[in-house]
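1. mind folding the following:
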Amino acid sequence: MTPFGEKMRALRQAKAVSQAQMAAALDVSPAYLSALEHGKRGMPPWAFIQKIIQYFELIWDEAEDLKELAHLSKPKVTLDTSGLDPRATKAANLLARRIGRLTGRDLDQLLAFLAAPPRVD
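-> Residues are numbered from 1 along each chain as shown. Next comes the predicted model:
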């Protein structure tokens, strides 16, 4: 499941609608919604994100959060470390190798570090 899929499912469940009901309202298949929720589809098109925002009647901050989650929900990510410090390449490869074994706590710590403002050394 992607962050976007997790949020979309939570919004749908809070509104107490099924995937089939939501799919009909958004003019997509229930299979497409299921694939989005389970992370089997990448980031949806901008027009579809707008439909979801309207469907759930999200206000400014909530809409911005949903858009950001969509951008952070690419299940297959490529990192280009060419031209960077060799440690960046090492870090990217180690993360790719070990990400499946990180605990929830490890992921929370990593996310907190990555979300923090950049340090000025």
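2. hey, where'd the helices end up in this protein?
-> 3-14, 19-26, 30-37, 46-55, 60-71, 86-98, 104-115 (DSSP state H).
3. would you convert these into CSV that also reports mean neighbour count and mean pLDDT?
-> C-beta coordinates here come from the backbone N, C-alpha and C atoms, glycine included. Compiled in CSV, the helices of the chain are given as follows (neighbours: other Cβ atoms under 10 Å; pLDDT from 0 to 100):
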stretch, mean neighbour count, mean pLDDT
helix 3-14, 18, 93
helix 19-26, 15, 95
helix 30-37, 18, 92
helix 46-55, 15, 94
helix 60-71, 14, 91
helix 86-98, 12, 93
helix 104-115, 10, 94
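4. so can I have JSON lines of the ones you listed showing distance to residue 80?
-> Shown next, in JSON lines, are the helices of the chain (distance: least, Cβ to Cβ, whole Å):
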{"stretch": "helix 3-14", "distance to residue 80": "22"}
{"stretch": "helix 19-26", "distance to residue 80": "34"}
{"stretch": "helix 30-37", "distance to residue 80": "26"}
{"stretch": "helix 46-55", "distance to residue 80": "24"}
{"stretch": "helix 60-71", "distance to residue 80": "17"}
{"stretch": "helix 86-98", "distance to residue 80": "9"}
{"stretch": "helix 104-115", "distance to residue 80": "17"}
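5. looking at these, which is nearest to residue 121?
-> Smallest distance to residue 121 across the helices of the chain (Cβ to Cβ): 14.3 Å, for helix 86-98.
6. packing partners of the closest one?
-> When contacts are defined as 3 or more Cβ pairs under 8 Å, 6 or more residues apart in numbering; DSSP states H and E, helix 86-98 packs onto no helix or strand at all.
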